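Chemist: no sequence on this one, just coordinates:
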């Protein structure tokens, strides 16, 4: 799917899960409709989104500290700094990270924001978790 194709599929008149999650994390890649949906969620939704993100940071850092150099992030969502590759490549610059999501909104943001260290590699796969072979077989 090209960036142009992805743009044609984005409907900013309806809330979108990736943009609502971005809003919950205090991001800027969302619209009023996403904010309104986020405000309808239980009060703990924002704190839970932050806890989820913090766990990913701790787990990824621990793995990188303990020798893991390949990471696969399925269901990436809109990139929110620090991203997985930023965490692990700070610890191990040669780490390789692949982000996978089936969402055209995420694709647009990932193409623009997910830049690797020179020693490592970062890639994005347009794929669906319900089809794991497509993710694992991606060249």
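Modeler: Ah, there it is. What you see is a predicted model, and the numbers here were worked out from it, not measured in a lab.
Chemist: Residue 25 and residue 49 touch, don't they?
Modeler: Yes: look at residue 25 against residue 49 with C-beta atoms under 8 Å: they come within range, at 5.5 Å. For the C-beta atoms, the positions are set from N, CA and C on the backbone; glycine is no exception.
Chemist: tell me the centre residue of the chain?
Modeler: With distances taken as C-alpha atoms, centre = their mean, residue 76 lies nearest the centre of the chain, 2.8 Å away.
Chemist: hang on, the earlier thing: looking at residue 25 and residue 49, which has the bigger crowd around it?
Modeler: Taking neighbours as other C-beta atoms under 10 Å, residue 25 and residue 49 compare with residue 49 leading, 20 against 17.
Chemist: That one falls within a helix, correct?
Modeler: Yes: counting by DSSP: H, G, I helix; E, B strand; the rest coil, residue 49 is part of a helix.
Chemist: That one and residue 21 touch, don't they?
Modeler: Yes: in this structure residue 49 lies within contact range of residue 21 using C-beta under 8 Å: 6.1 Å.
Chemist: who's in contact with the residue lying closest to residue 128 once chain neighbours are set aside?
Modeler: Distances taken as C-beta to C-beta, 6 or more residues apart in numbering put residue 102 closest to residue 128, at 4.1 Å, once the chain neighbours are dropped. Applying C-beta atoms under 8 Å, 6 or more residues apart in numbering, we find residue 102 in contact with 126-129.
Chemist: any chance of those residues in CSV, plus distance to residue 64?
Modeler: Converted to CSV, these look like this (distance: C-beta to C-beta, whole Å):
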residue, distance to residue 64
126, 26
127, 24
128, 27
129, 23
